[in-house]
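>>> Make a model of this:
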Amino acid sequence: MPSILSHCKKNFKHIIPQIDTAMVISVCKLMENIMKRNEVTAVLKLFIFAVCWCVGGGYSEKDGVQYKKLFADYFKDKFKSMNFFKGKGSVFDFFIDFSSSNFEEWNKLSNNDIINTIDTSKSIQSYTIPTVETISAYYLMKQFIQINHCCLLVGQAGCGKTQITKGLLNEVCG
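Model prediction:
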């Protein structure tokens with residue numbers, strides 16, 4: 001992890017400045033909560049997933065540079081010999097399916113049952129469309145909320161941060 005943090009510090013800019021200690025704590029907290037709730041046999045994969053999201057998840061476009069994409073390319077290349085991230089997608093397109101201990105695409109969690117429950121008679125602000133971005137953000141926020149660890153959504157205006165937060169709060173608070 002030190003080499004990843006060092007590389008990131010030299011080559012990428014978070015949209016909101018981060019300190020290494022906070023990212024390491026987030027990695028540990030995410031792993032802790034997932035391991036409490038799942039039978040984890042692939043601890044290395046879980047660690048890589050947590051580092052990917054807790055370090056790279058805070059990148060976005062800044063000063064006209066797509067740092068999240070640069071991080072995703074770096075991270076995928078760093079772990080290419082392990083063949084974890086299969087396909088053409090970004091490292092942010094994958095989660096760990098604990099039943100198979102493999103990385104799977106987030107869109108596997110989006111299904112027609114969810115989409116069919118959306119009440120389209122309500123305004124669009126009343127629901128969140130399940131996309132790779134909304135499913136992953138929702139999943140990660142929920143993991144942190146379950147252990148009372150703060151999380152921060154970052155991104156450009158209009159990318160869905162408020163909708164994701166509202167949807168999660170509606171689920172948690174009823």
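>>> Flag the shaky bits of the protein, pLDDT-wise.
Along the chain, the model assigns pLDDT under 70 to residues 111-120, 123-129, 174.
>>> Now F103: closest residue in space that isn't a chain neighbour?
What sits nearest to F103 in space, not counting adjacent residues and going by CB to CB, 6 or more residues apart in numbering, is F94, at 4.2 Å. For glycine as for every other residue, the C-beta is placed from the backbone atoms N, C-alpha and C.
>>> can you tell me how far the one you found sits from F49?
8 Å (CB to CB, to the nearest Å).
>>> the more surrounded of the two?
Between F94 and F49, counted using other CB atoms under 10 Å, the more crowded position is F94 (25 against 22).
>>> List the beta-bridge partners for the residue nearest to F103.
E105 (DSSP bridges).
>>> In this structure it contacts K88, no?
No: using CB atoms under 8 Å, F94 is not in contact with K88; the gap is 11.8 Å.
>>> Going by neighbour count, list what's buried in the longest helix seen in the chain.
Looking across the chain with DSSP state H, the single longest helix is helix 20-37. Residues of helix 20-37 classed as buried: 23-24, 26-27, 29-31, 33-34 (neighbour count, 16 or more other CB atoms under 10 Å).
>>> CA atoms only for that helix, dumped as PDB, please.
C-alpha atoms of helix 20-37 as PDB (Å, rounded to 0.1, in the frame of the first residue of the first chain):
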ATOM      1  CA  ASP A  20      -2.800   9.000   3.800                       C
ATOM      2  CA  THR A  21      -3.900   8.000   7.300                       C
ATOM      3  CA  ALA A  22      -7.600   8.700   6.600                       C
ATOM      4  CA  MET A  23      -7.400   6.600   3.400                       C
ATOM      5  CA  VAL A  24      -5.700   3.700   5.300                       C
ATOM      6  CA  ILE A  25      -8.400   3.900   8.100                       C
ATOM      7  CA  SER A  26     -11.100   3.800   5.500                       C
ATOM      8  CA  VAL A  27      -9.500   0.700   3.900                       C
ATOM      9  CA  CYS A  28      -9.500  -1.000   7.300                       C
ATOM     10  CA  LYS A  29     -13.000   0.000   8.200                       C
ATOM     11  CA  LEU A  30     -14.400  -1.100   4.900                       C
ATOM     12  CA  MET A  31     -12.700  -4.500   5.200                       C
ATOM     13  CA  GLU A  32     -13.800  -4.800   8.800                       C
ATOM     14  CA  ASN A  33     -17.500  -4.300   8.000                       C
ATOM     15  CA  ILE A  34     -17.500  -6.600   4.900                       C
ATOM     16  CA  MET A  35     -15.700  -9.300   6.900                       C
ATOM     17  CA  LYS A  36     -18.300  -9.000   9.700                       C
ATOM     18  CA  ARG A  37     -21.200  -9.600   7.300                       C
END
